[in-house]
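> Pasting a predicted model and its sequence here:
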Amino acid sequence: MLSRVAERLYWTARYLERAENTARLVKVYSYMMLDLPRGVGLNWHQLVDISGAHEHFDKNYRSAGERNVIKFMLSDTDSHGSLITSLAMARENIRTTRDLVPSEGWEHVNELYLFAKKKLAGKTLPKDRYEFLSEIVMRCQQVTGLLAGTMSHGAAYQFVRIGRNLERADMTTRMIDVGSTTLIAPGVELERLENRLWTYILRSLSAFQMYRQYVRRRVQPEQVLAFLLQDTVFPRAIGHTLGEIAACFEQQLPNNEEPLRAVLRLQRLVADANVEKLRAEGLHEFIDELQMEFGNLHQQISGTWFSLELDEAV
Amino acid sequence: MEIDWKTYDPGEFYDEMISSPGNPRRAARAIASYLQKLSARQMKRRQNAADLSIAEMGITFTVYSEGTNIDRTWPFDIIPRIISQKEWSRIEEGLTQRMTALNMFIHDLYNEQKIIKDGIVPKKLITGSKSFLPQCIGASPRYNVWAHICGSDLVRDKDGTVYVLEDNLRVPSGVSYMIENRGITKRVFPELFRKHRILPVDDYPAHLFDMLASLSPRPLDYPEIVVMTPGIYNSAYFEHSYLAQQMGAELVEGGDLVVGDDDCVYMKTIDGLQRVDVIYRRVNDEFLDPDAFLEDSVLGVRGLLRAWRAGNVALANAPGAGVADDKVVYTYLPDIIKYYLDQDPIIPNVPSWRCDDKKQREYVLANLATLVVKPANESGGYGMLVGPHATAAERNKFANLIKRNPRNYIAQPTLSLSTAPTICGQHVEPRHLDLRPFILQSDRTYVTAGGLTRVALRKGSLVVNSSQGGGSKDTWIVETGGN
């Protein structure tokens, strides 16, 4: 299989997953802004921080009001992390590997992009925004399901799976970051609010029901954190996504040693995390560390399978 | 849309289906009577079914002129164009003869240049040709064959004579449409395939694979063959990806390949670098290798020409083969065939005037209103003048172009292209068409049974190019003997 093709499939899946999770993130954040009392210290700029693109935002926008932040997150074609950019990139990548994916895959992604572009060009009222974001999530999942159900699970599909899971792991850490960064205002009725906050995060990841089955208790921050970080069976939990990536490496791909080492190191890091201690302090830093490691894992994948140097010829 | 052959009248033109109103030609007799029995509704339903298949199969070509590239479906007319096998075997012989002579000619030009020394063609033919590549002088591709894949355009004049209009030796396209068209007619008229003996065309990818495999520098059962495309924005990308899929070959872009210090070509795969034996390249010569040709080409592979000259990789067609694709070279083809094969051409050339000859140029300039003027080095119907359909201003412009650069132009009489019945809205009307068979040559030669029939869908138009409002038809070579 050609490296270029593998790379494009990997990015198709990453961008699709990123689009879905951006929609989830904006949706949960919008709800929170409506619901939580002002004193909690929540503001729109934190959403930009969580998305990891504050430099670009600060350079191009004067104020961090709702309108600007929403535009930045959803419809700004210059922003690398916006929903529309992710969909456009997913479309471009799948378009150039059309012969390897079932043709419905291309058609759905194309329609999804055109749908988002049209909707975002119009005026979006907050009410429409939720509906729109829910539809984006659903349609992204439709494509994911379509590929899982109609594409042979050979090497080509493994790159789709790797891209999806790595992006998902990254975005789950950003959701967790919502929980860590918004808890900075002291003096409010912390416990009750905090529980509500984590409930939002769970819901935004469609994780609430699965969480209840997992702990069978009401929402408690440590438990949620442990669930989202370490659970190995919930598909959006980081523990699970890393397991999936490791399985892809092991089962189907050649020369897998270096990437495999990188993902195993990450799995260890996550499994060994002391959740109670992290919640008390250092959660945000831990999230940062994980994101750095995800970046490193990407470098390993790219170096092994995507960008070959000539000296490997002999 | 009901067809009555008595009222179908192609006028002065040669019609492929009927010889005179009410009288179908022998090879077309059965299908003509079948079509006549269909009701307007049945006919319409079949055309709709064909349009649907095209959409489903995703058969598209890309149109350049519309600003951003869009994929557009390729208009298809369901009434097949019929040729008798008897006539076809002669055409097949003629094409084989032509291709053989052309390859000997190209090899000679890049090596001893005997044909020039013997005064058959003038030296300036090469020195004045953009497609003659000095970088290829002295090269010896396997079997001394340079043009492995050729699409020759055939037209039929009023009196029924078939001419070769041009030979496309660079990166001819259209063969995927030929195969897909057959797939569609099989769905639309299955009953006709039971009654007729129609020669198959869908074995082309297998022949293409065998031909390419025969070029491999390493003797292997399954050499590593790749199809090299300029990318998704190319108008023939659909075909590149189609042929790669049909042959089970990788579809690569320039960036996927690399030439090592050992002068071998490798492709970058997830298993590491893998040696490539044969490249069916659909990238033009000048973009193939930035080291040898256009420096700023991003479509090509650095060092590719070096690897080819070292004999470590085969390129089909070989770089430089386009020299014989020149319209001025075309005018010498009867002499070329005579020189190398000591034979007369089986299929005649269209009579042509060379504008770099003073006498002939004067004739051309005096008769622009009746002639077709073609630039030596363009394809796709671009940059030519169809005298009878042109305005006085256009003719003036061409007169100046010819005077400024006579080497670059030839002129031919305006042929009355033959017609065939075509569905036009609610009626069946005669429309002009041509035919592009495909020829494969290495140590042996293969000619497709028929080829791609292109039809000018606008009434009276002679331009059949897909980029300029043409459509296509399935082409049937029908066995008539023994009936």
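Arrived safely.
> now the residue of the stretch 51-200 of chain A found nearest chain B, what's its secondary structure?
At 4.7 Å from chain B, A:Asp99 is the closest residue in the stretch 51-200 of chain A, using CB to the nearest CB. Where you see a C-beta, it was placed from the backbone N, CA and C, and this is true even at glycine. Three-state assignment for A:Asp99 (DSSP: H, G, I helix; E, B strand; the rest coil): coil.
> Might one say that it is in contact with B:Glu239?
No - in this structure A:Asp99 lies outside contact range of B:Glu239 using CB atoms under 8 Å: 12.0 Å.
> ok, the two, which is more surrounded?
Counted by other CB atoms under 10 Å in any protein chain shown, A:Asp99 and B:Glu239 do not tie: B:Glu239 has more neighbours, with 23 against 16.
> Work out for me the element that one sits within.
Per DSSP states H and E: B:Glu239 is located in helix B:237-247.
> what ranges do the helices span in the stretch 51-200 of chain A?
A:54-60, A:66-70, A:83-95, A:103-121, A:126-150, A:155-181, A:190-204 (DSSP state H, counting those that start in this stretch).
> deepest of these, which one?
Per residue and on average, the most neighbours among the helices of the stretch 51-200 of chain A fall to helix A:155-181, with a mean of 23 (mean count of other CB atoms under 10 Å in any protein chain shown).
> Please name the nearest non-neighbouring residue to B:Pro348.
Nearest non-adjacent residue to B:Pro348, counting by CB to CB, 6 or more residues apart in numbering or on different chains: B:Tyr163, 5.6 Å away.
> Distance from the chain centre to the host helix or strand of the one you found, please.
Taking DSSP H and E as the criterion, B:Tyr163 maps to strand B:162-168. Distance of strand B:162-168 from its chain centroid, counting by CA atoms, centre = their mean, to the nearest Å, is 9 Å.
> now stretch B:226-235
Using CA atoms, centre = their mean, the offset of stretch B:226-235 from its chain centre is 17 Å.
> so what secondary structure elements neighbour the helix or strand bottoming out on mean pLDDT in chain A?
None of the helices or strands of chain A scores lower by mean pLDDT, DSSP states H and E than helix A:190-204, at a mean of 82. Judged by 3 or more CB pairs under 8 Å, 6 or more residues apart in numbering or on different chains; DSSP states H and E, helix A:190-204 is in contact with helix A:3-35, helix A:155-181, helix A:208-215, helix A:221-230.
> what's the least confident stretch among those?
For the helices and strands packed on helix A:190-204, mean pLDDT drops lowest on helix A:208-215, to a mean of 88.
> Show me what counts as buried in it.
By neighbour count, and taking 16 or more other CB atoms under 10 Å in any protein chain shown as the criterion, the buried residues in helix A:208-215 are A:Phe208, A:Met210, A:Tyr211, A:Tyr214.
> Apart from its chain neighbours, what residue comes closest to the last one?
Spatial nearest neighbour of A:Tyr214, chain neighbours left out: A:Phe227 (5.6 Å); criterion: CB to CB, 6+ apart.
> wait, isn't A:Asn43 in contact with A:Ala64?
Yes - with contact defined as CB under 8 Å, A:Asn43 and A:Ala64 form a contacting pair (7.0 Å).
> Look at these two and report which has more neighbours.
Set A:Asn43 next to A:Ala64 and count neighbours by other CB under 10 Å: A:Ala64 wins out with 19 against 16.
> interface residues of the stretch 1-150 of chain A facing chain B?
A:Met1, A:Leu2, A:Ser3, A:Arg4, A:Ala6, A:Arg95, A:Thr96, A:Arg98, A:Asp99, A:Ser103 (CB under 8 Å from any CB of the partner chain).
> Widest-spaced pair of the residues you listed?
A:Ser3 and A:Ser103 (23.4 Å; CB to CB).
> residue contacts, the residue nearest to B:Pro348?
Counting by CB atoms under 8 Å, 6 or more residues apart in numbering or on different chains, B:Tyr163 makes contact with B:Leu154, B:Val155, B:Arg156, B:Asp157, B:Ile347, B:Pro348, B:Asn349, B:Val350, B:Leu415.
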